[in-house]
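[1] Okay, here's the prediction I keep looking at, along with the sequence it came from:
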Amino acid sequence: MNVSNLTGTHSLFAGNQGMLWKRGLKSTQERLERQEKCNSQVAYWEEKKEQLKETESDSLEGIARKLNTLQEYEDQITAAKEQYNNEQLWHLLDEAREIGEKIAEEAEKLEPKTAEERLEDMAEEALGTDGEKEGVLTEEMEELKELAEELTEEMTEESLESLEEYTEELQEAAAAEPADELDKLQAQAEKGLQQLRQMEKAAEEEKRIYHGFDIRI
């Protein structure tokens, strides 16, 4: 007699999808093993009963022994079924817990990512993961850094040239021009020096931004 026919079929999910999912659970595999063991024990004692029934007893004493033995076999069958049913209760708890963990894992995979998690994914993809190949974003940052350095040098050189021109004009004016022209050139020189400082400061700030930016969050 099959135990599943006595205890019924227990399932936390309906449909083929739930059954296929449960087959892969450790708790489900353990339940099937216990059920197979119980069925084997029940089949063994049922066979012993059938064999005993085929024997003949000529005396009342023999018939009494036969009845007692049949009762012992029946008790063994009942004990095997009770053991399975008791273990089945714990199995249902284990199976429910394991299925709950599976559902939580799947739900976490489907849960929308936060902005920070998406940024981390983008950063990892851009930077590369093999250590041998630089990411696309890393190369672009290096190019921006080099460009910032070049712009700093060009802006500084141009500003110095302009300042030198102002200085030369100022020296020429000091020798040949009246005081009002001299004041004008002095103002231009101061303005040029101020522009130079502003451009150097802006270039250094731009260089710092590109150099200091770390895409690894």
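    It's in. Numbers count the residues shown, from 1 in each chain.
[2] Beyond the longest helix anywhere in the chain, next helix or strand please.
    In terms of residue count, the longest helix belonging to the chain (DSSP state H) is helix 60-110. Using DSSP states H and E, the helix or strand that follows helix 60-110 in sequence is helix 115-127.
[3] Convert the C-alpha atoms of that next one to PDB, please.
    Presented in PDB, the C-alpha positions along helix 115-127 are these (Å, rounded to 0.1, in the frame of the first residue of the first chain):
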ATOM      1  CA  ALA A 115      20.100  54.900  -8.600                       C
ATOM      2  CA  GLU A 116      23.300  54.100  -6.600                       C
ATOM      3  CA  GLU A 117      23.200  50.500  -7.700                       C
ATOM      4  CA  ARG A 118      22.700  51.400 -11.300                       C
ATOM      5  CA  LEU A 119      25.600  53.900 -11.100                       C
ATOM      6  CA  GLU A 120      27.800  51.100  -9.700                       C
ATOM      7  CA  ASP A 121      26.800  48.800 -12.500                       C
ATOM      8  CA  MET A 122      27.600  51.400 -15.100                       C
ATOM      9  CA  ALA A 123      31.000  52.100 -13.400                       C
ATOM     10  CA  GLU A 124      31.900  48.500 -13.300                       C
ATOM     11  CA  GLU A 125      31.000  48.000 -17.000                       C
ATOM     12  CA  ALA A 126      32.900  51.100 -18.000                       C
ATOM     13  CA  LEU A 127      36.000  50.400 -16.000                       C
END
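[4] Which strands and helices lie in contact with it?
    Applying 3 or more CB pairs under 8 Å, 6 or more residues apart in numbering; DSSP states H and E, we find helix 115-127 packed against helix 136-176. For glycine as for every other residue, the C-beta is placed from the backbone atoms N, C-alpha and C.
[5] can you tell me the average pLDDT over the helix it packs on?
    With pLDDT averaged residue by residue, helix 136-176 scores 61.
[6] now do stretch 77-93
    Rounded mean pLDDT across stretch 77-93 is 84.
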